[in-house]
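Colleague: I need the structure of the sequence given here:
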Amino acid sequence: MTSSTSSSQSGHSAIVAISSNPAVRDRMIRALESCDCSTVEAQGGAGILAHLDSTGFDFAVLDSKLPDLDSGDVTRFIRQQNPNISYVMVDSTTGKLAGPHQLANQRAQKMFEALKKSEINTDDAVDLDDSEPVRLKARNTEPLPGMVGESEAFARVHKMARIVARRSSTVLLQGESGVGKDMVAYAIHELSPRSSGPLVVVNCAAIPENLLESELFGYARGAFTGAVQSRLGKIHAAHRGTLFLDEIGELPLNMQAKLLRFLQAGEVQRLGSSDVFQVDVRVIAATNANLLERVAAGQFRQDLYYRLAVFPIHLPPLRERTSEILPLARHFLAEFCRTNASPLKVIDGEAQFALQEHDWPGNVRELKHVIERAFILSEDELRLTEEHLIFDTVQKKLKKVPAQVV
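Modeller: I've put the predicted structure just below:
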């Protein structure tokens, strides 16, 4: 990323992110400079996001086809971070403005008009050295660390998790029980600058309400009967790392207010103590509940919801990721063989068909349990058959297919 003019000259900056066509980028910069603003260049979406926390900008010009990230994902994240940031899309192959765009004020409208006047034709837009063809880097849809499968339904999750991992923004993982929200939280932590710090997990549904405050915030000696020595809470233990709050929808209302204060100030006060500690913690929350419905029902604080949902990621259920069923099944089977020092087993054709036909209401967790049971029932056999499969729900009668091993 390079700065065209000093950002100190103006509080109004423009990000130009058109890596595939420097001629268009230069023309856009000149158009924005005519509006008496400072400009900063970025070659892709990652450059924009990296700049988002530095000297503030309130106008962005984005290539509709960024070389590294999806432009729609980038604009959604920009809007979530600051709804007052204006942005305009540009087609780098033509130099023309391309929707959608967001203009938050009159100054942004003025800049938009300046960009519109600077639109250049296709001949000018392809003003590149033909001996140096531009090669766009493929969008990164590589599976997250510790995860198996590359279905289209889950590709967006991989991409969004990689975008937000580099930042400290609060993440809200949403999806049915058993879809793998904990694995995504682990992957975000591992890909983040905090990976050398702790990942502390708290299941909000598993801790009794009367113990939850002391578990999260800690307590001082004598704070209550049995508190024979002071103890730091889970939030403090996650200092310079990540706090994963699973089943956040089950958090009692009184604890929601205390968690909100921590998220707003980054401070922790132990139960029974007046001392306040400043902590540096990145929060990832997860829920299988519809939090907006709970907000409407008065069961979840609206202000806490918006604090947690800075960057929401929805995880689709396994029934929408059918291409991942067999790779996951083979992965789990290999894992059970390895941990039990067993020869590697295979899944025969009829069993594969049964696995693919099941609707998996329990998602990935149910699949893992089914494969573990099948591994146990197969005993010394090296082949898992349909007879070894015991599903958690009633399985519909399947049409038989020829047995084979794949």
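
Colleague: need the contact list for residue 366.
Modeller: Applying C-beta atoms under 8 Å, 6 or more residues apart in numbering, one finds that residue 366 lies in contact with 178, 318, 360, 391, 392. All C-beta spots, glycine's among them, are computed from the backbone N, C-alpha and C.

Colleague: give me that answer again for 6 Å
Modeller: Contact analysis of residue 366 by C-beta atoms under 6 Å, 6 or more residues apart in numbering lists 360, 392.

Colleague: check which helix or strand it maps to.
Modeller: In this structure, residue 366 sits in helix 363-377 according to DSSP states H and E.

Colleague: one more: residue 335?
Modeller: Element membership for residue 335, per DSSP H and E: helix 325-339.

Colleague: quick one on the thing from earlier: CA atoms of the helix holding residue 366 as CSV?
Modeller: What follows is helix 363-377, C-alpha atoms only, in CSV (Å, rounded to 0.1, in the frame of the first residue of the first chain):
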residue,chain,number,x,y,z
ASN,A,363,-24.6,-32.3,11.5
VAL,A,364,-20.9,-33.1,11.7
ARG,A,365,-21.1,-34.2,15.3
GLU,A,366,-23.7,-36.8,14.4
LEU,A,367,-21.5,-38.0,11.5
LYS,A,368,-18.5,-38.4,13.8
HIS,A,369,-20.6,-40.4,16.3
VAL,A,370,-22.0,-42.7,13.5
ILE,A,371,-18.5,-43.4,12.2
GLU,A,372,-17.1,-44.1,15.7
ARG,A,373,-19.9,-46.6,16.4
ALA,A,374,-19.4,-48.2,13.0
PHE,A,375,-15.6,-48.5,13.8
ILE,A,376,-16.4,-50.3,17.1
LEU,A,377,-19.0,-52.6,15.6
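
Colleague: direction included, what does the helix or strand following it pair against?
Modeller: Next along the chain after helix 363-377, taking DSSP H and E as the criterion, comes strand 383-384. Its sheet considered, strand 383-384 pairs with strand 346-347 (parallel) by DSSP bridges.

Colleague: quick one: mean pLDDT over the partner strand.
Modeller: The average of the pLDDT scores along strand 346-347 is 93.

Colleague: give the other helices and strands that the next helix or strand after it contacts.
Modeller: Toward the C-terminal end, the helix or strand that comes next after strand 346-347 (DSSP H and E) is helix 349-357. In terms of contacts (3 or more C-beta pairs under 6 Å, 6 or more residues apart in numbering; DSSP states H and E), helix 349-357 is packed against helix 325-339.

Colleague: in space, not sequence, find me the middle residue of this protein.
Modeller: The residue lying closest to the centre of the chain (C-alpha atoms, centre = their mean) is residue 161, at 3.1 Å.

Colleague: enumerate every residue touching that residue.
Modeller: For residue 161, the contact set (C-beta under 6 Å, 6+ apart) comprises 144, 184, 187, 188.

Colleague: from residue 288, how far off is it?
Modeller: The spacing between residue 161 and residue 288, counted by C-beta to C-beta, to the nearest Å, is 18 Å.

Colleague: neighbour-wise, which of the contacts of residue 161 leads?
Modeller: Top of these by neighbour number is residue 188, holding 29 neighbours under the definition other C-beta atoms under 10 Å.

Colleague: pull the contacting residues for that residue.
Modeller: Contact analysis of residue 188 by C-beta under 6 Å, 6+ apart lists 161, 165.

Colleague: buried residues in the host helix or strand of it, which are they?
Modeller: Taking DSSP H and E as the definition, residue 188 sits inside helix 181-191. Of the residues in helix 181-191, 181, 182, 183, 184, 185, 186, 187, 188, 189, 191 count as buried by neighbour count, 16 or more other C-beta atoms under 10 Å.

Colleague: for stretch 284-293, same thing?
Modeller: For stretch 284-293, a neighbour-count test (16+ other C-beta under 10 Å) marks 284, 285, 286, 287, 288, 291 as buried.

Colleague: low-confidence ranges, this structure, go.
Modeller: Low-confidence segments of the chain (pLDDT under 70): 1-25, 33-34, 40-56, 67-69, 92-95, 118-143, 149-150, 222-223, 225-228, 393-406.

Colleague: coming back round to it: tell me which of the buried residues of stretch 284-293 fall in strands.
Modeller: By the criterion of DSSP state E, membership of those in strands covers 284, 285, 286, 287.

Colleague: and of the residues you listed, the nearest to residue 329?
Modeller: residue 286 (24.0 Å; C-beta to C-beta).

Colleague: which residues sit in contact with that closest one?
Modeller: Contacts of residue 286 (C-beta under 6 Å, 6+ apart): 173, 181, 246.

Colleague: now the residues you listed in a markdown table, with distance to residue 233?
Modeller: Formatted as a markdown table, the contacts of residue 286 follow (distance: C-beta to C-beta, whole Å):
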| residue | distance to residue 233 |
| --- | --- |
| 173 | 22 |
| 181 | 23 |
| 246 | 16 |
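
Colleague: return the set of buried residues in the helix or strand harbouring residue 80.
Modeller: Assigned by DSSP H and E, residue 80 falls within helix 71-81. The neighbour-count check on helix 71-81 (16+ other C-beta under 10 Å) flags 71, 73, 74, 75, 77, 78 as buried.

Colleague: output those as CSV; include the columns distance to residue 272.
Modeller: Output for those, formatted as CSV (distance: C-beta to C-beta, whole Å):
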residue, distance to residue 272
71, 51
73, 45
74, 46
75, 47
77, 40
78, 43
